[in-house]
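Novice: Sequence plus predicted model, see below.
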Amino acid sequence: MGLKTSDVRYRISNDNAVPEIYIKGEQAIVVSCTTQYVTKSEVLGTKLLTAAIYLESEKESKNAIILHHISINEIFQEVLYQ
């Protein structure tokens with residue numbers, strides 16, 4: 001599934017909360033998540049959210065999940081999804 005930045009929304013209510021991540025309107029189940037802030041380097045700084053997620057709509061038979069990894073770079077407006 002190829003994704004555009006507009007296909008993905010997320011919200012983090014506070015530093016202790018699990019973020020809400022939505023893929024094409026469906027709320028993803030977040031297995032793990034990290035955010036990184038790089039403030040100074042040879043290029044512009046970046047703000048990156050990386051998460052392991054799965055979607056209820058993609059469950060295979062016998063309730064096996066398909067785990068995805070998503071990275072969202074807010075500065076460069078890039079979404080990496082596998």
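Specialist: Looks like it came in fine.
Novice: low-scoring stretches of this structure, by residue?
Specialist: The chain contains residues with pLDDT under 70 at 1-2, 40-41, 43-44, 61.
Novice: Distance-wise, check the most centrally placed residue in the chain relative to K62.
Specialist: Geometric centre of the chain, nearest residue: I70, 4.2 Å, by C-alpha atoms, centre = their mean. I70 sits 25 Å away from K62, going by C-beta to C-beta, to the nearest Å. For the C-beta atoms, the positions are set from N, CA and C on the backbone; glycine is no exception.
Novice: Correct me if wrong, but the residue nearest to the centre of the chain is in a strand.
Specialist: Yes: assignment of I70 by DSSP: H, G, I helix; E, B strand; the rest coil places it within a strand.
Novice: Quick check: it touching L55?
Specialist: No: using C-beta atoms under 8 Å as the test, I70 is too far from L55 to be in contact (10.9 Å).
Novice: which residues do the two both contact?
Specialist: Counting by C-beta atoms under 8 Å, 6 or more residues apart in numbering, the residues touching both I70 and L55 are 23, 28.
Novice: Thank you, goodbye.
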